[in-house]
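1. Everything below, folded, please.
(3 chains)
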Amino acid sequence: MSAAMLAQVTANGLSLAGLYALVAVGLTLVFGVMRILNFAHGEFVMIGAYLTYWLFALWGVDPLLSFALVLALMALLGALVQVTLVTRVLAAPHLNQILLTFGIAVTLQNLALLLWTGDLRAIKVWYASTALSVAGVSLSLGRTVGILIAATLTVGLYLLLFRTEYGRALRAVAQDPDAALVMGIPIQRVYVLAMAIGAAYAGAAGVVASVSMFTYPLLGFLFGLKAFCVVILGGLGSVFGAVLASLFLGLVESFVGTLIPQGGSWAEAISFIVLLLVLLVRPRGILGLE
Amino acid sequence: MSAAAARAGWTLVALAALVAPVPLGNYGLHLLVLVCMYVALSSSWNILTLAGQLTLGHAGFFGVGAYTSALLALRLGVPFWAGMGAGAVAAAALAGVIGLVCLRLRGVYLAIATLSLVEALKIVVLNVPDVTEGSIGITLSPVFAGARRPAYYVMLAVAALPVLATVWIKRSKLHVILGAIREDEGAAQMAGINTTAYKVFAFALSAAFAGLAGGFYPHYITYIVPDTAFSIGLSIEAQIMPILGGLYTVAGPVVGAVVLTLAGEYLRTRFGAANLLVYGVVMVLAILCLPGGLVGLARRWRAPFRVRRAEQPQEGVADVR
Amino acid sequence: MRELRAVMGAALLALAAMSWGAGPAVAAEDEIRIGAVWGLTGPTAGVSQEGRRGMEMAQELINRKGVLGKKIRVIFEDDKADPAVGVSATEKLITQDKVVAFVGGVGSTICNAMLGAFEKYNPRPIGVLTGCGATTIEQRFGKERGYFFVHPWEYYYQSTMRDFLLSLTPRPQTVFIAHEDRLYGTSHAKMADEYFKEAGFKVVAREGFKSGAPDLTPLLTRAKGMNPDVFYWIAYGADAILITKQGKELGFNPRLYASTVQLGTQEYRDAVGLDNAEAFVGITVWEPNADFAASREWPDLLPSTRDWVREYTARYKREPHYYSIMSYVALVAAAKGIEAAGSLDREKVVAAIEKINTMSPMGPLKFSPSKFAVNHAFKQMMIFQWQKGQKALLFPRDTATGAVRYPFPPWTPR
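-> Residues are numbered from 1 along each chain as shown, chains lettered A, B, ... in the order given. Got it, this is the predicted structure:
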């Protein structure tokens, strides 16, 4: 393989990793704080993508401008879902929580189907399918912007978690909710905050998807399983682990898909097998909470 | 309720199941076959939760059973009943291996690992067409020349097995052992229980029943492809049904499977393209309003004043963490 | 064992439900019922909605005059893209709704299970089927006279694509075939591989990929590395959008980008934009800009393509999909068969549908034998190319509306 090809395959992998990370970071944060695996996270991505699409299609708002609005709306949606539904099963067993979020997922998916039909939709802006050429390597401008946003948001999340009062509260609740309660941390409000941030991240992934891919009611389903794979591989609750796992899976899929015959068909199986192997050695993922 | 009354009640249910098909046409019979298939899946999945194992991979066992049976029929002309047996054995063998491999995984880690495993299995089946026919699928001639009534009785027997197995577990000392593993595996080990052996046993037993149901499926539907045999939807249904019915109980998975399969069909015929939307909303409401499932509801309904909900042992509530 | 109460409750519920399941059909002598099983929810929802629109329009137009003095009522059922549910719908329509015929449908997996459930009936239900394109179905069920297949078989697509490639100058030498890795893509790709090789093309690869994957750069990078003359893929609408966008981003410039019908939809054009769709070539059984005359026998139901498209567009404010016209024509064929038979007698209806020979907005409507099937309509395929936002028909030559733009103009500079 030539050096140019190697560089291109690596770039493709990094680009995919950025997308995975964007989806996975919010999911793992919610789990870390509440110990709830949100099966509706993929549907939040889908709603975010539709919001971006409709803002663009109806009022011509460029995704670069609507980005902040979509994030805010998604945070609101996340908070709403938390306050009205999820909060009621916080004390319930994992199974009930999974089923609740799964029910929310089915509802959102079919609501989208009825409201907006099954048509595929994508946003046409000049940077949607434009490439940057750097030393012979083509980089998707849409995706690259997406990765930069993912990186910025992740750094932002890191700062939030480790440099602010809210962040300390989030981490305290994640480590020991009972102790946090004793310390006077308003634990319910922290949960709402976590879900809002998680949904906003999903919304960010939705913005990128609606520009660089497309959206339709089953969009969340395309990401759902892979996102779980990423957060489990990275270790549930670990934001840094999720980023590492995204990088790893993005690169593996890119290399396998490009270099091996029938790789496009096998690539996913390989990520699942990698996940199982890692879990064999580290049952809590690479950087999982004990 | 006394044991005698219970026995009488179950006998009544069994009788009803035996005579139910008499007045029914092909549509009703087909729905009953699906009900039995889901009873088999949800009851067998419930056996795993008795041992505290939260899995999302039941479709994997179903699919392995389906493909074993279908391939034996296609390549060697093996009849459906022998194929079902082979399917059960294959699924149990796979489960034994998974049980050993996933021993150290807990809670949602196990759930996602098993979910991924099903996807991996599906992709493998897709990509070795020389062995499995891949995405082209396998076509079989309809079992009993398409007659639904005998098919129903076969599926009824398949459904009865995991239910009877659950009764047997509940009456034997296995119940105590599995309960101990579920509550605190470390403590169970300390108490001298070979937790590994029991967990692998639970995996294999549960999988065998799913594999048996899977073994019948391709002969009944007459056509399978990897997407229908290893469908995530099946795994999810196998989990929703016992929870809605009431976990850990004998009746819960049965009730859940009956109610959800028929409710799903009712919604499908009444709400058109909106049927899954209604289904989703019902699911959300059920989880919020019926934490102990329908069986838990029946208990509350029976003793609304005498026994307060909080004081009652919450058998219907899952505690798989 | 208090839980027994719940079991009894469920059993009662089951019995109640069964009475709904087993209940006799409401006797409605003033209507003729047609069953339509579509994937109204789930992954095939988009195409199913297109097909449903076509059938609803046909139903309304047919009922202006009625059939045998009665109205036609189409009963739509959702199969959720699950074969077991498809069988539920089938059995309900046969035993409870007592439909005269099945019309429409999408997906060969569902079709296979449905026709499998038909087997035990004697006589078997009549089907005017739009959802069965896999040759495995043709081989398994094609001998049945009462099944009228409207969807083209795989080999019609692939032999036409082969002939089109042969017609190009300079003739392309190498073809990279990519396909989604389930039934649809895999079986088409197999056939394409065989046909192309026979015709002397070099197939450099036949690669499967997962439909709906969020990233197809691995596939495209691999293809670009092999530098094929033709990049030909068989997959769904989502994949067509992604291949176009990412092919552009990677600067992948084969001499020809070609695919099947999924490339010709309005949603594709809207999603990628006119400039990016330029010079992409697709193959289809029908295009809205085809130029077929009105039927001489039934011009009210089967007008010219132009009039039909105008009517459809006015109703639904969107361009018709090929599934819309297939299901429209299928329902008209069923209705006209019943009318000509003069009764609902199965043998007479089948014979009457077999006798239909007329023009339609989709082309000549006449059922004739195909490789394995007795009754199949619409064998003529068309090659189109996106040219300045319009689809120019290139092939076959006698119906062509434009000349091919070949080789593909490189992405940059454009």
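
2. Where does pLDDT dip in the chain?
-> Picked chain A for this. Of all residues in chain A, those with pLDDT under 70 make up the ranges A:1, A:289-290.

3. could you do chain B instead?
-> For chain B, applying pLDDT under 70 flags the ranges B:1-2, B:301-321.

4. Which helix runs longest in it?
-> As assigned by DSSP state H, the longest helix anywhere in chain B is helix B:195-221.

5. Point out the other helices and strands that it packs with.
-> Contacts defined by 3 or more C-beta pairs under 8 Å, 6 or more residues apart in numbering or on different chains; DSSP states H and E place helix B:195-221 against helix B:26-50, helix B:58-76, helix B:80-101, helix B:148-171, helix B:174-183, helix B:185-190, helix B:226-229, helix C:83-91. C-beta here means a position set from N, CA and C on the backbone, and glycine is covered the same way.

6. out of these, nearest to chain A?
-> Closest approach to chain A among the helices and strands packed on helix B:195-221 (C-beta to the nearest C-beta): helix B:80-101, 6.4 Å.

7. neighbours of residue 224, just the number please.
-> You didn't pick a chain, so chain A it is. 22 (other C-beta atoms under 10 Å in any protein chain shown).

8. Let me rephrase: I mean chain C.
-> Other residues near residue C:224 come to 22 when the count uses other C-beta under 10 Å.

9. Likewise for residue A:60?
-> 8.

10. and it, what does it touch?
-> For residue A:60, the contact set (C-beta atoms under 8 Å, 6 or more residues apart in numbering or on different chains) is empty.

11. Might you enumerate the residues of the stretch 151-300 of chain B proximal to chain A?
-> B:232, B:236, B:239-240, B:243, B:247, B:273-274, B:276-277, B:279-281, B:283-284, B:286-288, B:291 (C-beta under 8 Å from any C-beta of the partner chain).

12. can you do 7 Å?
-> B:236, B:240, B:243, B:273-274, B:276-277, B:279-281, B:283-284, B:287-288, B:291 (C-beta under 7 Å from any C-beta of the partner chain).

13. now the helices and strands packed on helix B:195-221 as CSV including distance to residue A:49?
-> Output for those, formatted as CSV (distance: least, C-beta to C-beta, whole Å):
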stretch, distance to residue A:49
helix B:26-50, 34
helix B:58-76, 28
helix B:80-101, 36
helix B:148-171, 42
helix B:174-183, 41
helix B:185-190, 42
helix B:226-229, 25
helix C:83-91, 28
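
14. Can you convert these into TSV and add a column each for mean neighbour count and distance to residue C:34?
-> Listed next are the helices and strands packed on helix B:195-221 as TSV, based on neighbours: other C-beta atoms under 10 Å in any protein chain shown; distance: least, C-beta to C-beta, whole Å:
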stretch	mean neighbour count	distance to residue C:34
helix B:26-50	27	17
helix B:58-76	26	33
helix B:80-101	21	34
helix B:148-171	19	24
helix B:174-183	18	53
helix B:185-190	13	59
helix B:226-229	25	27
helix C:83-91	26	13
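
15. closest one to residue B:218 among those helices?
-> When the helices and strands packed on helix B:195-221 are compared for distance to residue B:218 using C-beta to C-beta, the nearest one is helix B:58-76, at 4.0 Å.

16. And that closest one, what does it pack against?
-> helix B:26-50, helix B:80-101, helix B:107-127, helix B:195-221, helix B:226-229, helix B:232-245 (3 or more C-beta pairs under 7 Å, 6 or more residues apart in numbering or on different chains; DSSP states H and E).

17. buried residues in the longest one?
-> The reference is to helix B:195-221. By neighbour count on 16 or more other C-beta atoms under 10 Å in any protein chain shown, the buried set for helix B:195-221 is B:195, B:198-221.

18. if we can go back for a sec, can you tell me which of the helices and strands packed on helix B:195-221 is nearest to residue A:241?
-> Of all the helices and strands packed on helix B:195-221, helix B:80-101 sits nearest to residue A:241, with 21.6 Å by C-beta to C-beta.

19. how deep is residue A:111 tucked in, by neighbour count?
-> Number of residues near residue A:111 (other C-beta under 10 Å) recorded here: 18.

20. before we move on, what about residue B:19?
-> Residue B:19: 9 neighbours (other C-beta under 10 Å).

21. Repeat that for residue C:94.
-> By the other C-beta under 10 Å criterion, the neighbourhood of residue C:94 contains 20 residues.

22. which element follows the biggest helix by length in chain A toward the C-terminus?
-> When chain A is parsed with DSSP H, its longest helix is helix A:3-34. Under the assignment DSSP states H and E, the closest C-terminal helix or strand after helix A:3-34 is helix A:41-59.

23. So which elements touch that following helix?
-> Packing contacts for helix A:41-59, counted by 3+ C-beta pairs under 7 Å, 6+ apart, involve helix A:3-34, helix A:63-84, helix A:94-116, helix A:187-212, helix A:219-234.

24. centre of the chain versus it, how much separation?
-> 15 Å (C-alpha atoms, centre = their mean, to the nearest Å).

25. Residue 167 - nearest residue in space that isn't next to it in sequence?
-> By default, I'm working from chain A. residue A:161 (3.9 Å; C-beta to C-beta, 6 or more residues apart in numbering or on different chains).

26. looking at chain B here, not the other one
-> For residue B:167, the spatially nearest residue (C-beta to C-beta, 6+ apart) is residue B:250, at 5.6 Å.

27. How many neighbouring residues does that neighbour have?
-> Residue B:250: 24 neighbours (other C-beta under 10 Å).

28. swap in the one 4 residues further on?
-> The local packing count at residue B:254 equals 34, with neighbours defined by other C-beta under 10 Å.

29. rewinding a little: which ones among the residues of the stretch 151-300 of chain B next to chain A map onto helices?
-> Going by DSSP H, the helices hold B:236, B:240, B:243, B:276, B:277, B:279, B:280, B:281, B:283, B:284, B:287, B:288 from these.

30. What parts of the stretch 101-250 of chain A come near chain B?
-> Residues of the stretch 101-250 of chain A lying close to chain B by C-beta under 7 Å from any C-beta are A:102-104, A:106-107, A:110-111, A:114, A:225, A:228-229, A:232, A:236.

31. now do 10 Å
-> For the stretch 101-250 of chain A, the residues in contact with chain B (C-beta under 10 Å from any C-beta of the partner chain) are A:101-114, A:117-118, A:221, A:224-226, A:228-229, A:231-233, A:235-236.
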